[in-house]
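Peer 1: have a look at this prediction, sequence included:
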Amino acid sequence: MKRVKPQRYIAVESCDKVRRNVFCRNYGKCLDYAILRKWPGFSCQNCGCYEQEKLEGQALTDDYARCMALAFVSGAVELS
């Protein structure tokens with residue numbers, strides 16, 4: 001298995017400017033990696049570890065929580 005390689009990316013106003021493979025089996029690991037380092041964002045553009053995955057049930061809920069955590073630490077959203 002290849003090691004995931006997300007790249008630190010600046011926060012952007014439009015999500016179409018950042019290349020992410022959100023349906024990758026490794027996406028959650030990359031989110032966790034970015035959150036732990038408090039990156040403003042990350043890109044999958046130069047990562048060769050893409051593996052298709054379909055999320056359902058609790059896995060989908062967990063992935064959503066990680067996405068929100070990244071948005072929070074990057075300053076893109078505020079918890080009220």
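Peer 2: Looks like it came in fine.
Peer 1: in this structure, what residue sits furthest out from the centroid?
Peer 2: Distance from the C-alpha centroid of the chain peaks at Ser80, with 22.3 Å (C-alpha atoms, centre = their mean).
Peer 1: contacts for the lowest-mean-pLDDT helix or strand in the chain, please.
Peer 2: None of the helices or strands of the chain scores lower by mean pLDDT, DSSP states H and E than strand 7-8, at a mean of 76. The contact list for strand 7-8 (C-beta atoms under 8 Å, 6 or more residues apart in numbering) reads Ala34, Arg37, Trp39, Pro40, Gly41, Phe42, Ser43, Cys44, Gln45, Asn46, Cys47. In short, each C-beta sits where N, CA and C put it, glycine included.
Peer 1: so which helix or strand takes in the residue most central in space within the chain?
Peer 2: What sits nearest the mean C-alpha location of the chain, by C-alpha atoms, centre = their mean, is Leu31, with 3.7 Å. If you go by DSSP states H and E, Leu31 is part of helix 27-36.
Peer 1: given the helix or strand following that helix, what are its sheet partners and their directions?
Peer 2: Later in the chain than helix 27-36, the nearest helix or strand by DSSP H and E is strand 42-43. Strand 42-43 pairs in its sheet with strand 7-8 (antiparallel), by DSSP bridges.
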